[in-house]
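1. Coordinates only, no sequence provided:
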């Protein structure tokens, strides 16, 4: 706005000064030039036209600058609005996910089996949807549920505990990397996992210290780095598991009358056949 006012003022002032000067000294101009008045007026018209053209060009330049500035400001405003909308959408989405997590956690405490199963499946979906935020939280919650189940989950029908273990067993390399990043290991200390048939869960790095695995079939479970100190392996079928070492096996215990079933299982590190060393449970 200031630039446009300056252009208008300077243009008008220049034309006014030129006009007054010519009017005041018109006789002198005619006599000194030696040309007719019409010729002088024509030349003056060309001069005035040139001045006006210069003024119009300057004015257009100012207008173009103003339009460019307005476009820039409008673009910045649009970007700010877009960023604000994105932040608001992300905040709303995060709030919805947190609400889903809380509701799913509450479902684990229900007296109805179907509701508890629904909570487990909901947590599983949430952990897969946003693993960075919810995977470790979900593993902690499900591990706690397995170790300290509700009164209903302690009954002979422990389908919800089996499903929770199955969800824990779906962990992949990326999930385990997240756990290591947060210095977390699946926590199944003193868990009662007896008389279960599991379909090869991924228990890499899990803490099964003092867990009861009596009569449990672990299928092709990945036991790499699993802590088995004082874990009860009475009649536990380990014959198809992966990642187990002699050192891990020696940490566990079993009833002398029912040692774990090893089959032809070999040490994952040395390749030597695994041997049960008769470590009884106290």
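-> Thanks, I have the structure now. A quick note: this is a predicted structure, and the numbers were derived from the prediction, not measured. Numbering: from 1, shown residues only.
2. Next one: residue 142 from residue 136, what distance?
-> Between residue 142 and residue 136 the distance is 11 Å, computed by CB to CB, to the nearest Å. The way it works is simple: take the backbone N, C-alpha and C, and place the C-beta from them, glycine included.
3. Helices of the stretch 51-200 of the chain, start to end?
-> For the stretch 51-200 of the chain, applying DSSP state H, counting those that start in this stretch gives helices covering 113-129, 131-147, 159-168, 173-181.
4. what residues are up against residue 250?
-> Contacts for residue 250 (CB atoms under 8 Å, 6 or more residues apart in numbering) come out as 277, 279.
5. quick one: buried residues of the helix or strand where it lies?
-> According to DSSP states H and E, residue 250 maps onto helix 246-251. Buried residues in helix 246-251, defined by neighbour count with 16 or more other CB atoms under 10 Å: 246, 248, 249, 251.
6. out of these, who's nearest residue 231?
-> Among those, residue 251 lies closest to residue 231 (CB to CB), at 7.5 Å.
7. What about the residue nearest to that closest one when sequence neighbours are not counted, how many residues nearby?
-> Spatial nearest neighbour of residue 251, chain neighbours left out: residue 229 (4.4 Å); criterion: CB to CB, 6 or more residues apart in numbering. Neighbour count for residue 229, taken as other CB atoms under 10 Å: 15.
8. change the start of the numbering to 23 and stick with it
-> Got it, first residue is 23 now, which makes that one residue 251.
9. Quick check, residue 251 in contact with residue 275.
-> No - the criterion here is CB atoms under 8 Å, and residue 251 misses it with residue 275 at 9.1 Å.
10. Mutual contacts of those two, please.
-> If you check residue 251 and residue 275 against CB under 8 Å, 6+ apart, no residue is contacted by both.
11. mind checking how far the residue nearest to residue 273 is from residue 301?
-> 11 Å.
12. re the thing from before, nearest to residue 98, out of the helices of the stretch 73-222 of the chain?
-> That would be helix 153-169 among the helices of the stretch 73-222 of the chain, by CB to CB, at 31.4 Å.
13. What does the pLDDT read for residue 245?
-> Here the pLDDT value assigned to residue 245 is 96.
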